[in-house]
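> My questions concern the predicted model and sequence given below.
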Amino acid sequence: MKRLSLNRVCSLIFFSALMMVAGCSSSSTSAPDNGTELLSVVAISRHGIRSPTSTLENMNLYTLRPEGFPNWSTLAGGTAGNLSYFGQQNAARLGSWYRDFYATQGLLPQRGSCPASGEVYVYADVAERTLHTAQGYLDGMFRSDSTPGCGIPVYQLNKNVVPKNVDPYIATAYSSFATTVDWSGDRAMFNAMAGGTPPKSLITAYSTQLQLLQAISGCCNPNACVPKKDPCTLLDLPNTQTTAGPAGYTSDALFSVANSLTESFELQYAQGMPDIACSTIPGAPCVGWGAIPTGAMLELTRLHVLSFDLGYKLPTMAKVSSTNLMWQLVGTMDQRVGKTVPGMLAPASSKFILFVAHDDNISAIATFLGGLTWQAEGFQRNDPGPAGALVFELHRVKQSGELIVRLFYVVATLEQMRQGTALSLATPPQRLPLPIPACGGLLDCPYDRFKAFINDTINHDVIVPPSFPQPEPS
């Protein structure tokens, strides 16, 4: 999911994988493309830096280190998985860059002036971390204007009227709209990828990373631990079964735990926790107890990215998970060119639309669109980093009037996050151009072709109907 004179050269030569190797990326300071008129932007973003989604008590089951995992200071209390203050600030820095970048292209007004009513629309999943990320974006975009935040709200569904407290636009696969989906194909593919129970092929393929993770966490076989601590083990975890997703296929706990631990190290680093000379006080902030060898973080996070391959890159899961966001995407673009589309969340006047969702949404959409791939600095290939966003731009070619879609992946580098670097036109985040496989790898994808692919690929049975309760300002 990642993310401008170099673009045209690259598009004639390589697809995305080779582009990244060759260093073809876009500069955020480039002048706007005067050959097109930018009509609208739809950004689908992951939430920002957060605490682990498992409780501290649960995380500490997987280490014998007396310090345990770090305590996190988060917004909205100490609930596991909430956004950190630092995470909201990172979103604000990105928001500031988005404002300045799209002001240079005439989509947003220059600082000092607010957009007209309805021109900016922001929607967040029901989770607290998505709400606070969205508020961080808005703060960065509009904090310097005469009206604080320009009075632009974040829209969310009312938790009291959402079945199972699941947002069907963002988490469609887990919503009541997906109860009749046939998951058998995904289940078979998942079991084939895992190589049985225990997942022998994966254990063999990732043995280096698993051994390294076990050494860093200080985790051991409970029968050999002194004192004993159950279930403090990693390589023996395949004996424990867990259920994976709405498809009902089963996975061994090993890779679920490996994902949680390695992602937690990445988030600790992005949060700015020390990585050397760490305190030994229980709960003290530290990146992997200061025990991660130099350069090993990237290797460890292969275990994190694997979790997306085992879940949200499976074909039915990718299609169902992406359907409503992709439906909203083309519907808002249609509205921008004067068409009436029932059931759209954003008003027809919207030029900049932001959906704040989750890493699994980014991964699922990448698969849905034919296999998007990117390499962001500091991250494993195709890792949907904190506040990383797929940014879809609708342009009109001035000479021909043709509508085209351009896609970028935008994310701060891991070091920009860690250092709290102010993002600007002079110091931009990464904005990586993504050839769209569904459009034959084109960087300039004809909108009619793009829209036809979306309409032909989505699962129309799980689209949220216009009669569903409408979101409210937070």
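Everything's here; your move.
> in terms of contact, does residue 315 touch residue 185 like I think?
Yes: contact criterion C-beta atoms under 8 Å: residue 315 and residue 185 qualify, at 6.7 Å. C-beta: built from backbone N, CA, C; applies to glycine.
> now the strands: where do they sit in the chain?
Shown for the chain, the strands assigned by DSSP state E span residues 36-46, 120-124, 154-156, 241-244, 249-252, 352-357, 389-397, 403-411, 430-433, 445-446, 472-473.
> Can you give me the domain boundaries for this protein?
Taking automatic domain parsing as the criterion, the chain consists of the domains 5-49+84-179+314-473, 186-245+248-309.
> Can you pull out the low-pLDDT segments for the stretch 201-350 of the chain?
Low-confidence segments of the stretch 201-350 of the chain (pLDDT under 70): 220-233, 235-244, 250-252.
> so where do the helices sit in the stretch 151-300 of the chain?
Assigned by DSSP state H, counting those that start in this stretch, the stretch 151-300 of the chain shows helices spanning 184-194, 200-205, 207-217, 253-271, 296-300.
> Same check on the stretch 1-150 of the chain?
Going by DSSP H, counting those that start in this stretch, the stretch 1-150 of the chain shows helices at 5-11, 16-22, 56-59, 85-104, 128-142.
> Residue 213 is nearest to which of those helices?
Smallest distance to residue 213 across these (C-beta to C-beta): 13.4 Å, for helix 56-59.
> Name the residues of that closest one that are buried.
By neighbour count with 16 or more other C-beta atoms under 10 Å, helix 56-59 contains the buried residues 56, 59.
> Mind checking the pLDDT average for it?
For helix 56-59, the mean per-residue pLDDT is 90.
> Check which helices and strands it is in contact with.
Judged by 3 or more C-beta pairs under 8 Å, 6 or more residues apart in numbering; DSSP states H and E, the packing partners of helix 56-59 are helix 253-271.
> Output the helix it packs on as CSV, nothing but the C-alphas.
Only the C-alpha atoms of helix 253-271 are listed here, as CSV (Å, rounded to 0.1, in the frame of the first residue of the first chain):
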residue,chain,number,x,y,z
ALA,A,253,-0.7,-20.3,18.4
LEU,A,254,3.0,-20.1,17.6
PHE,A,255,2.7,-17.7,14.7
SER,A,256,0.0,-15.6,16.4
VAL,A,257,2.3,-15.0,19.4
ALA,A,258,5.3,-14.4,17.1
ASN,A,259,3.3,-11.8,15.2
SER,A,260,2.2,-10.0,18.4
LEU,A,261,5.8,-10.0,19.9
THR,A,262,7.6,-8.8,16.8
GLU,A,263,5.0,-6.1,16.0
SER,A,264,5.3,-4.9,19.6
PHE,A,265,9.1,-4.4,19.1
GLU,A,266,8.4,-2.4,16.0
LEU,A,267,5.9,-0.2,17.8
GLN,A,268,8.2,0.2,20.7
TYR,A,269,10.9,1.5,18.3
ALA,A,270,8.4,3.8,16.5
GLN,A,271,7.3,5.1,19.9
